[in-house]
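J.: Build the 3D model from these lines:
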Amino acid sequence: MEALVAILGLLFVLFVAAGVFVTVKAVQAAKRGVDRTVAQARRTVEDTSLRARQYTQPGVTGELAQLRLSLRTSMRATQEVLRTGSQEDASLSETLSLFERLSAHGHELDDELKRLEREPDRATIAARLPDLRERTERITHSAESLRWAARDRARKFADDDLAALSDQIDMEAGALRHWTREPAGESPVDGATAASGDGARTGRADGPYSWGPTAEEPAAAEEAPAITAKDPRTQPSYPWQKAPRAEGMPRTEGTPP
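T.: Numbering: from 1, shown residues only. Here you go, the predicted model:
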């Protein structure tokens, strides 16, 4: 009895632990989803604000907004291409590591540009703009090099796979066009000629595909014996029969017809 109670208690503890574990995992997954949604919404709002300042605020403020928008757009596009490609091509893992190092410089530059947007000394910012523009171009150029190299690699693999698939399809199409030929002893034309000759001799096509006589070719009936008249001279005579009268003889009186 005590063993049964211990087993039941152990099962209860295991069920409770499993429920807690599943609940924690679900909460963490929901939290990650919410964080991703909030981060994406924040990036969308910030990018929209940068585009608005780029066109509505000329001068230093608009230049800083343009640099930040160019940097963020290039880095985000490269990150998406590399992460998507690394799931199918393990060789991109090293490229992804290089991009992570480049991302550190990109975040540092983006934070610096963001701080300069709140700087009241516009003359100092204008003096630093050439250096900031050069750094932005170097980072975006490196990101674009990685992005286009990954795309070219994926396209090359796709072209090679398509070429191999086309060769296999051509071989299969050639095999399908290799029909089985008739035996060398008899050709289809000779067989058809022999069948037609047999049909001509018999008057009808009696073969494995014959459906019987048709309306144009009625079945031949057995010949019935001809009906001939009886010869009176060969017939037996009986006492009650009258003698036959010759044709053309005159009748006498008293003689019944």
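J.: Against Ser142, how distant is the nearest residue to Arg151 once chain neighbours are set aside?
T.: The shortest distance from Arg151 to any non-neighbouring residue, by CB to CB, 6 or more residues apart in numbering, is to Val81 (6.4 Å). Where C-beta positions appear, they are placed from N, C-alpha and C, glycine not excepted. To Ser142, Val81 is 14 Å away according to CB to CB, to the nearest Å.
J.: same deal with Thr124?
T.: Plainly put, Thr124 is 28 Å away from Ser142 if you go by CB to CB.
J.: more neighbours, the two?
T.: Applying other CB atoms under 10 Å to Thr124 and Ser142 shows that Ser142 carries more neighbours, namely 19 against 12.
J.: My understanding was that that one contacts Ser103; is that so?
T.: No. The criterion here is CB atoms under 8 Å, and Ser142 misses it with Ser103 at 10.6 Å.
J.: Can you give me the separation between Arg43 and Val34?
T.: Computed as CB to CB, the Arg43 to Val34 distance reads 15 Å.
J.: related to what we said a few turns ago, correct me if wrong: the residue nearest to Arg151 contacts Ala149.
T.: No. At 9.7 Å, Val81 does not count as touching Ala149 under the criterion of CB under 8 Å.
J.: Counting neighbours, go ahead and name the busier of these two.
T.: Of the pair Val81 and Ala149, Val81 is the one with more neighbours under other CB under 10 Å, namely 21 against 14.
J.: so which strand or helix has that one?
T.: Element membership for Val81 (DSSP states H and E) is helix 60-86.
J.: What ranges does the stretch 1-150 of the chain have for its helices?
T.: Remark: helices assigned in the stretch 1-150 of the chain by DSSP state H, counting those that start in this stretch are 2-56, 60-86, 92-117, 122-176.
J.: what's the most buried one of those helices?
T.: helix 60-86 (a mean of 18; mean count of other CB atoms under 10 Å).
J.: between that helix and helix 2-56, how big is the angle?
T.: Helix 60-86 runs at 140 degrees relative to helix 2-56, counting by axes from the mean of the first three to the mean of the last three CA atoms, to 10 degrees.
J.: Now do helix 60-86, average pLDDT.
T.: Per-residue pLDDT over helix 60-86 has a mean of 91.
J.: For that helix, name the packing helices and strands.
T.: Packing contacts for helix 60-86, counted by 3 or more CB pairs under 8 Å, 6 or more residues apart in numbering; DSSP states H and E, involve helix 2-56, helix 92-117, helix 122-176.
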